[in-house]
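1. Just to be clear, the model below is a prediction. Sequence and coordinates:
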Amino acid sequence: MTPEIIAKMFPNPLPSVAEIEAKYPPRALQPGQKVTRVAPSPTGFMHIGGIYAALVSERVAHQSGGVFFLRIEDTDQKRKVEGATEVICNSLARYGIVADEGVDKDGHNYGPYAPYIQSERKEIYQAYAKKLLEEGLAYPCFCASEDLDLMRKIQEKQGQRPGYYGKYAHCRNLSDDEVLNNLNAGKPWVLRFKSPGNNEKRMVIKDLLKGDINMPENDLDIVILKGDGLPTYHFAHAVDDHLMGTTHVIRGDEWVSSVPLHIQLFVALGWKAPKYGHYAPLQKLDNGNKRKLSKRHDPEANIMYFWEKGYPEEALVEYIFNLINASFEDWRRTNPDKKAFDFPLNFNKISNTAGALFDFQKLHSISKEVIAKMTASEVFESVLAWAKTYRPAYAERMQNNREYITSILNIERNIGKKSRKDLVKWEDLESDISYFFDDTFTRDIDSFTEELHLSADEMKKIAEEFKAVFDVNDDKNTWFEKIKAIAGKHGFATEMKAYKENPSAYKGNVSDIANVLRVFITGRTQSPDLHAIMSVMGSERVLNRL
Ligand code: GLU
């Protein structure tokens with residue numbers, strides 16, 4: 001391409017490649033130090049897989065004493081959503097994932113390789129695109145989108161591979177005169193990469209997670225600079241990962257097929273490509289079958305789902321570590337008090353071929369464990385902070401009943417010993433403890449007659465007898481002796497041992513009587529320790545319910 005053509009295509013002054021390289025010198029890394037990044041597009045949607053990838057990348061870098069950074073890939077301006085960078089930054093911060101360099105939630109760049117927002121790096125990409133043009137490794141394409149659509153249809157009809165290659169690459173061999181005429185006529189253009197590949201030939205790519213993959217070479221002359229002057233993802237990531245010194249790229253499976261192209265781009269630009277590792281998308285069980293977690297159909301694909309439901313951040317992080325390395329669970333058992341980030345993540349043990357299975361049951365059991373280790377006040381503050389955003393009316397109730405709710409949360413909470421594990425997520429607290437409040441307490445004695453093998457009248461009689469002797473100051477023993485006395489009087493075994501030896505001799509046992517009282521007090525047959533509940537509720541409320 002003649003200098004005249006190049007000047008016409010790039011009329012504005014651009015920094016020289018040498019200037020750019022001098023401004024962004026290679027990182028001074030010690031042997032073994034890794035540089036990774038997370039590079040989301042600001043679409044307003046943060047996939048839970050994005051947090052998974054960010055955690056892997058962050059650990060890989062920081063475990064090696066290297067650098068982890070955040071880059072905002074917004075070259076597709078049509079997909080860009082207002083406020084999306086904030087969503088990305090908040091998501092990372094929420095889960096304790098700290099980027100050493102990147103962009104903050106207000107869109108400010110920080111770090112030596114700034115800017116980290118691709119749309120602010122337009123001139124850098126153009127400088128390298130111009131260089132490829134000068135070296136004959138790129139060319140302008142004037143094909144209109146209708147022409148390309150038509151071409152695709154013809155390819156489809158003839159059973160040909162779709163794309164801009166070989167005889168379909170119409171603009172690849174335009175003469176300088178033709179190019180000049182088109183430019184002079186003001187025809188819009190894009191810049192295409194002149195692929196050196198041959199689709200008949202195969203190559204082996206070494207994937208960090210998947211191992212060796214045998215693939216055909218790339219022969220597509222893909223667009224590197226679009227009509228709006230911005231680069232495509234392929235080109236931009238190559239320029240950025242070179243300049244920003246990325247050593248390891250961990251990204252979704254959907255990019256595996258682009259690796260042959262990406263390697264060509266790095267070679268054309270005269271650079272060493274980073275190592276690539278592609279993880280398979282998270283899966284879920286759907287009617288017994290595994291399938292990919294879908295952005296469209298599964299609300300839990302969106303990280304905000306977990307905020308709205310009030311899953312403790314720590315629980316989600318623990319759970320994702322579990323998904324990354326199955327050995328996390330064993331490590332956690334032997335290191336119960338360490339932070340999840342202390343886990344020595346093993347890069348080679350990441351599930352690769354099939355995606356990790358996202359399973360709520362497991363998440364819930366981890367969440368219960370995490371919450372059981374918190375103090376009542378910590379739980380209170382966490383639920384309150386959550387409710388302020390997601391349930392303002394409940395937040396108000398909490399603030400008006402701080403002491404009462406804290407003592408409710410303290411029931412069977414013995415940190416370090418055996419704590420009750422029932423609360424799964426902040427959203428559940430309201431219904432879990434609704435019976436502690438008179439306005440949300442509901443009870444239908446008749447509905448329990450079958451389950452408790454007693455008539456409603458019998459149950460009422462038992463409640464009345466207990467009411468007559470109840471004293472809120474009784475210790476648990478005295479309290480229980482009173483229940484036993486009622487049990488004996490009604491033909492129920494007072495000792496479990498006696499009952500087990502000869503069940504037919506009794507109508508039931510003392511726990512059935514306690515259950516009657518539980519129904520009167522809580523409206524349920526399952527609850528935490530009943531003596532503790534009564535103490536927390538206080539004399540008046542208990543007597544009113546009996
Ligand atoms: N912007 C790309 C995406 O969101 C990033 C892929 C990569 O990590 O290189 O899929």
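-> Perfect, thanks for sending it. Numbers count the residues shown, from 1 in each chain.

2. residues contacting the residue most central in space within the chain?
-> The centre of the chain sits closest to Ile48, judged by Cα atoms, centre = their mean, with a distance of 2.6 Å. Neighbour list for Ile48: 282, 293, 300-303, 306, 320, 358 [criterion: Cβ atoms under 8 Å, 6 or more residues apart in numbering]. Any C-beta I mention is one placed from the backbone N, CA and C, and that applies to glycine too.

3. Considering the residues you listed, which is situated nearest to Glu120?
-> Checking the contacts of Ile48 against Glu120 with Cβ to Cβ, the nearest one is Ile303 at 25.4 Å.

4. Now the closest one. Its backbone dihedrals?
-> Backbone torsions of Ile303, given as degrees, to the nearest 10, read phi -60, psi -30.

5. Serialize the contacts of Ile48 to JSON lines and add fields for secondary structure and distance to the ligand.
-> Rendered in JSON lines, the data for the contacts of Ile48 read as follows (DSSP: H, G, I helix; E, B strand; the rest coil; distance: Cβ to the nearest ligand atom, whole Å):
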{"residue": "Leu282", "secondary structure": "coil", "distance to the ligand": "15"}
{"residue": "Leu293", "secondary structure": "coil", "distance to the ligand": "15"}
{"residue": "Glu300", "secondary structure": "helix", "distance to the ligand": "19"}
{"residue": "Ala301", "secondary structure": "helix", "distance to the ligand": "14"}
{"residue": "Asn302", "secondary structure": "strand", "distance to the ligand": "15"}
{"residue": "Ile303", "secondary structure": "coil", "distance to the ligand": "14"}
{"residue": "Phe306", "secondary structure": "helix", "distance to the ligand": "20"}
{"residue": "Ile320", "secondary structure": "helix", "distance to the ligand": "17"}
{"residue": "Phe358", "secondary structure": "coil", "distance to the ligand": "19"}
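
6. Can you check what pLDDT the model gives Ala485?
-> For Ala485, the pLDDT comes out at 97.

7. Which element, helix or strand, includes it?
-> helix 476-489 (DSSP states H and E).

8. coming back round to it: quick check: the farthest pair among the contacts of Ile48?
-> Maximum pairwise distance among the contacts of Ile48 (Cβ to Cβ): 14.8 Å, between Asn302 and Ile320.

9. out of the two, which sits in the more crowded spot?
-> Neighbour count, other Cβ atoms under 10 Å: between Asn302 and Ile320, Ile320 has more, with 23 against 16.

10. give the contact list for the more buried one.
-> If you count contacts by Cβ under 8 Å, 6+ apart, Ile320 has them with 48, 51-52, 55, 95.

11. export the residues you listed to CSV and tack on secondary structure?
-> CSV is the format used below for the contacts of Ile320 (DSSP: H, G, I helix; E, B strand; the rest coil):
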residue, secondary structure
Ile48, helix
Ile51, helix
Tyr52, helix
Leu55, helix
Tyr95, coil
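
12. Kindly tell me how buried Glu178 is, as a neighbour count.
-> By the criterion of other Cβ under 10 Å, Glu178 has 12 neighbours.

13. Now it: which helix or strand?
-> Glu178 is part of helix 176-184, with elements assigned from DSSP H and E.

14. got a list of contacts for the helix or strand following that helix?
-> Scanning forward in sequence from helix 176-184 by DSSP H and E, the next helix or strand is strand 190-193. For strand 190-193, the external contacting residues (Cβ under 8 Å, 6+ apart) are 9, 129, 132-133, 137-141, 164, 169, 171-172, 221-227, 235, 261, 264-265, 268.
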